[in-house]
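>>> take this sequence and fold it.
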Amino acid sequence: MTRILVTGGAGYVGSHTTLHLLRAGHEVLSYDNYANSSSEVLRRVAELAGRAPEIVEGDVCDRKTLDAVMARFDPEAVIHFAGLKAVGQSVKKPLSYYWNNVTGTQNLLESMQEHGCRRIVFSSSATVYGEARYLPIDEDHPIAPTNPYGRTKAFVEGIIGDWCHAWPEASAVLLRYFNPVGADASGRIGEDPNGTPENLVPYIARVAANRLEKLGVFGDDYDTRDGTGERDYIHVSDLAEAHLSALTYACRSSGCEAINVGTGRGATVFEMLKAFEATIGREIPYEVLPRRSGDVARSLAAVQRAESLLGWRAHHDIADMCASTWHWQSCNPDGYGA
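Numbering: from 1, shown residues only. As a prediction, the model looks like this:
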């Protein structure tokens, strides 16, 4: 496989995956509207890879531009990251999430089918599971998202599954991420969200860098070992490698397969905070706030399917995640805006 269309290629996970694809010798086209990303990241990706992806600014909801790209680039597979991704924001702006995430994916699949591209790796999320009925969560766990973001991911998974059923030659891998964190070892690319981060680790990093006054801990009365939410954090470089393994799997299979991507180990908010403090050698101020709507108490991945089907497993631990995040933050105090 050589030609890969990456929607959302300038985003956090998309940019790291684009880097790994280029290093593996693939020809890559990044298709991104830069709603929550910067074109600067792709310049840095090219610098690190020693070769550049092709770049098109466009939106997956813009079918005309998408069709033009499909016709010209003729991709052999698509990795689909493009979409909105913040739980809290989705509660406040659900219609934007349904439009971007669901309608955008339908446009993409229609364009793929029209132009004969039958392989897709989809950036899904563990939020499709909702509140855990048992732990660790395996791929057969009931789908019961608790927020609009998670519901858009669940709807898109269903649409892709139906598309594969209707087109037997099609192949899809639904990668259900747990909590991506960290940055490339170079410190040149990392997570740079707009405004106050919705996710824990970049929030901690900005407080540590004095860009924000203190960390908001949303709830300390959950049924966990210290009262704060527990998550399965995975290093973004491990996650990028999972996409390459998923592409290989999609090449030799048909149908639709959902696969968890995590470490199988959990950390609470306070445990992650302490790990980050150990990395920088000082305390980080925080305050406990009310629970955030749509959050769950615990989320922990069963990872056997990824190991058996993809031959993939995570290698980085929490110390690596914190160190690489701090390296990125220290080298880029203003993110990509400097």
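>>> from Asp162, how far off is Arg23?
34 Å (C-beta to C-beta, to the nearest Å). (C-beta placed from N, C-alpha, C; glycine too.)
>>> these two: who's more crowded?
Counted by other C-beta atoms under 10 Å, Arg23 and Asp162 do not tie: Arg23 has more neighbours, with 15 against 12.
>>> tell me who's in contact with that one.
Ala49 (C-beta atoms under 8 Å, 6 or more residues apart in numbering).
>>> what's the spacing between it and Leu29?
Arg23 sits 16 Å away from Leu29, going by C-beta to C-beta.
>>> could you do Ala68 as well?
Ala68 is 12 Å from Leu29, by C-beta to C-beta.
>>> which of these two has more neighbours?
Legend: neighbour count by other C-beta under 10 Å for Ala68 and Leu29, higher for Leu29 (21 against 14).
>>> report the secondary structure state of the more buried one.
Secondary structure state of Leu29, per DSSP: H, G, I helix; E, B strand; the rest coil, is strand.
>>> and it, what are its bridge partners?
Leu5, Glu54 (DSSP bridges).
>>> and it, what is it in contact with?
3-6, 9, 53-56, 69, 73, 75.
>>> next one: Pro145
127-130, 151, 153-154.
>>> also Ala46?
22, 52-53.
>>> so which strand or helix has it?
helix 40-49 (DSSP states H and E).
>>> may I have that helix as CSV, with CA atoms only?
Extracted in CSV, the C-alpha atoms of helix 40-49 (Å, rounded to 0.1, in the frame of the first residue of the first chain):
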residue,chain,number,x,y,z
GLU,A,40,2.7,24.5,10.9
VAL,A,41,2.5,21.0,12.2
LEU,A,42,2.8,19.5,8.7
ARG,A,43,5.9,21.6,7.9
ARG,A,44,7.4,20.1,11.0
VAL,A,45,6.3,16.6,10.1
ALA,A,46,8.0,17.0,6.7
GLU,A,47,11.1,18.2,8.5
LEU,A,48,11.2,15.1,10.8
ALA,A,49,10.3,12.6,8.1
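>>> give me the neighbour count for Arg282.
By other C-beta under 10 Å, neighbour count at Arg282 equals 8.
>>> now it: how far from Val6?
Between Arg282 and Val6 the distance is 38 Å, computed by C-beta to C-beta.
>>> name the nearest residue to Ala246, ignoring sequence neighbours.
Nearest non-adjacent residue to Ala246, counting by C-beta to C-beta, 6 or more residues apart in numbering: Val173, 4.2 Å away.
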